[in-house]
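In: model this:
(chains A, B, C and D)
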Protein chains: 2
Amino acid sequence: MEKYEKFGTKEKILDSALESFSTSGFDATSLDVIAKSLGVRKQTILYHFTTKKGLLNAVVERAAENLIDSIEEVLNSDLKGWERIEALARMIFRLALREPLLLGLLREVSRPGSVGSERLKILMTPLMDRATLWMQSEMRVGRMRRTDPRLVILSAYSTVVGLATEIEVLRAAGIEQALRPVAIRRRELMRFLRVSLDPDYLQSR
Amino acid sequence: MEKYEKFGTKEKILDSALESFSTSGFDATSLDVIAKSLGVRKQTILYHFTTKKGLLNAVVERAAENLIDSIEEVLNSDLKGWERIEALARMIFRLALREPLLLGLLREVSRPGSVGSERLKILMTPLMDRATLWMQSEMRVGRMRRTDPRLVILSAYSTVVGLATEIEVLRAAGIEQALRPVAIRRRELMRFLRVSLDPDYLQSR
DNA sequence: CTATTTCCTTACCATTTGGTAAGTTTAACT
DNA sequence: AGTTAAACTTACCAAATGGTAAGGAAATAG
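Out: Residues are numbered from 1 along each chain as shown, chains lettered A, B, ... in the order given. You can find the predicted model right below:
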């Protein structure tokens, strides 16, 4: 019987759980199945995370760290106004493509009332507040059009989440080269953001 | 003990199941709970639908009938080319607003691999084929730009499904007046369709 | 070498789940 | 009235699930 490799059991559990949660959903995920797939007993999982919900929270948390790090990177750049937003959007789409499981998890956890949606809310609220404040200050100095920041942010958010559905649906329909729709979505989101926020953007009504 | 009302038990089961499936999901839905909420025994449900999956299929089927009827109505109108598409899009958004549970169900059932996704596929395929054929013929006579019809249709589809997420997320964030985002989405979808399909539409690149 | 903590296992359990089998009641038909 | 079929119920059950309790191995510390 081989002994425990360098990347600890805990990490492997998280990986496997992410996969299962994001593709099959929380309820359809069985601790026994995860354990078996790792050649480990269910109680090992419960030892590390005490409860199934705890496991989900840990998965969400790790994913959020991943995301927040990437966001931080953009925020620490010296991009201003519109360019900053554009960079953020690009970053998120890049991340979504590189790490599709994150999208699936986001989708799973986004349904209000679902287990883990509270956790998501807790993690997102600071980001949301920060973004809101920044946008408001940008609006004050006229670098941004005046609108409801929350509405814009949440719409952008749900565009990204919706992307998960789209990619999966297209793949299920046998359309493998799914990059084009993603690019289209990104363009759409950009336009939406531009129309909503960029004061220098000429509007066609 | 009151006796069975005019709208039979079967219909009431379907109503309740639709509600539960579309808000809590398939796995999180328990037959016992549905039964209890209707003041009926679980075996009554199984008598009418033999299995849980059968119940889901019946729910999906009824919802699809609902949808297909509405589609049929538009298709039987004498609208041509672009106007026809616009009418379809309007109809779907109207339906989605009037019957939010349908959106939730669609969302639940859209995830590939989910129980009921096969059924959805079976129901959608004829519609899809019909739409594809029509679009191809429109393309041949030059009333529509040449693109991949499936891609366009599926993108439109996932926009609508994504709407379910968006509405729920906004509501969870306490934004009640959720009509504006819906209108925005519809405009976006229209523009997407127009850009993809309308040969007379001036493109800005 | 011993004590302790970390990590993981065996054993067990209460509950819930979808589902089967076999009535029982109600309505419909003849 | 008697037969039949439909609609529901009571009685059960096997399987799976998340979780508790307690103990064993293995590394680490003293």
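
In: could you say which helix or strand contains residue A:183?
Out: For residue A:183, the host element (DSSP states H and E) is helix A:179-197.

In: Quick check: buried residues in that helix?
Out: Of all the residues in helix A:179-197, those buried under the rule 16 or more other C-beta atoms under 10 Å in any protein chain shown are A:181-182, A:184-186, A:188-190, A:192-197. For glycine as for every other residue, the C-beta is placed from the backbone atoms N, C-alpha and C.

In: export these to a markdown table and tack on pLDDT?
Out: Shown next, in a markdown table, are those (pLDDT from 0 to 100):
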| residue | pLDDT |
| --- | --- |
| A:181 | 77 |
| A:182 | 83 |
| A:184 | 82 |
| A:185 | 85 |
| A:186 | 90 |
| A:188 | 85 |
| A:189 | 89 |
| A:190 | 91 |
| A:192 | 85 |
| A:193 | 89 |
| A:194 | 88 |
| A:195 | 84 |
| A:196 | 85 |
| A:197 | 88 |
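
In: can you pull the contacts of the residue of chain A found nearest chain B?
Out: Chain B sits closest to residue A:162 of chain A, with a gap of 2.7 Å, by C-beta to the nearest C-beta. Residues in contact with residue A:162 (C-beta atoms under 8 Å, 6 or more residues apart in numbering or on different chains) are B:158, B:159, B:161, B:162, B:163, B:165, B:166.

In: Repeat that for residue A:146.
Out: The contact partners of residue A:146, taken as C-beta under 8 Å, 6+ apart, are residue A:139.

In: got the contact list for stretch A:74-89?
Out: So stretch A:74-89 is in contact with A:71, A:91, A:138, A:143-144, A:156, A:186, A:189-190, A:193-194, A:197-198, A:200, going by C-beta under 8 Å, 6+ apart.

In: and if we set it to 10 Å?
Out: Contacts with stretch A:74-89, where a contact means C-beta atoms under 10 Å, 6 or more residues apart in numbering or on different chains, come from A:68, A:70-71, A:73, A:90-92, A:127, A:130-131, A:134-135, A:138, A:141, A:143-144, A:152, A:156, A:159-160, A:186, A:189-190, A:192-194, A:196-201.

In: Just those residues: which are in helices?
Out: Per DSSP state H, helices hold the following members of the contacts of stretch A:74-89: A:68, A:70-71, A:73, A:90-92, A:127, A:130-131, A:134-135, A:138, A:152, A:156, A:159-160, A:186, A:189-190, A:192-194, A:196-197.

In: Can you report phi and psi for the residue of chain A closest to chain B?
Out: Main-chain dihedrals, residue A:162, degrees, to the nearest 10: phi -60, psi -30.

In: Kindly report the same for residue A:114.
Out: With angles defined as degrees, to the nearest 10, residue A:114 sits at phi -70, psi 150.

In: For the helix or strand harbouring residue A:54, buried residues please.
Out: Per DSSP H and E, residue A:54 falls inside helix A:52-75. Within helix A:52-75, the residues that count as buried by 16+ other C-beta under 10 Å are A:52, A:55-60, A:62-64, A:67, A:70-71, A:74-75.

In: can that helix be found next to DNA strand C?
Out: No: using C-beta under 7 Å from any atom of the strand, we find that helix A:52-75 stays clear of DNA strand C, coming within 13.1 Å at best.

In: Distance from that helix to the middle of the chain?
Out: Distance of helix A:52-75 from the chain centroid (C-alpha atoms, centre = their mean, to the nearest Å) equals 8 Å.

In: Return the alpha-carbon coordinates of that helix using PDB.
Out: Provided in PDB are the C-alpha atoms of helix A:52-75 (Å, rounded to 0.1, in the frame of the first residue of the first chain):
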ATOM      1  CA  LYS A  52     -20.100  18.100   4.200                       C
ATOM      2  CA  LYS A  53     -21.100  21.700   4.300                       C
ATOM      3  CA  GLY A  54     -17.800  22.400   5.800                       C
ATOM      4  CA  LEU A  55     -16.100  20.800   2.800                       C
ATOM      5  CA  LEU A  56     -18.100  22.900   0.400                       C
ATOM      6  CA  ASN A  57     -17.200  26.000   2.300                       C
ATOM      7  CA  ALA A  58     -13.600  25.100   2.100                       C
ATOM      8  CA  VAL A  59     -13.800  24.500  -1.600                       C
ATOM      9  CA  VAL A  60     -15.600  27.800  -2.100                       C
ATOM     10  CA  GLU A  61     -13.000  29.500   0.000                       C
ATOM     11  CA  ARG A  62     -10.100  28.100  -1.900                       C
ATOM     12  CA  ALA A  63     -11.700  29.100  -5.200                       C
ATOM     13  CA  ALA A  64     -12.400  32.500  -3.900                       C
ATOM     14  CA  GLU A  65      -8.800  33.000  -2.800                       C
ATOM     15  CA  ASN A  66      -7.800  32.100  -6.300                       C
ATOM     16  CA  LEU A  67     -10.100  34.700  -7.700                       C
ATOM     17  CA  ILE A  68      -9.300  37.400  -5.200                       C
ATOM     18  CA  ASP A  69      -5.600  37.000  -5.900                       C
ATOM     19  CA  SER A  70      -6.200  37.600  -9.500                       C
ATOM     20  CA  ILE A  71      -8.400  40.600  -8.800                       C
ATOM     21  CA  GLU A  72      -5.800  42.000  -6.400                       C
ATOM     22  CA  GLU A  73      -3.200  41.800  -9.200                       C
ATOM     23  CA  VAL A  74      -5.300  44.000 -11.400                       C
ATOM     24  CA  LEU A  75      -6.200  46.400  -8.700                       C
END
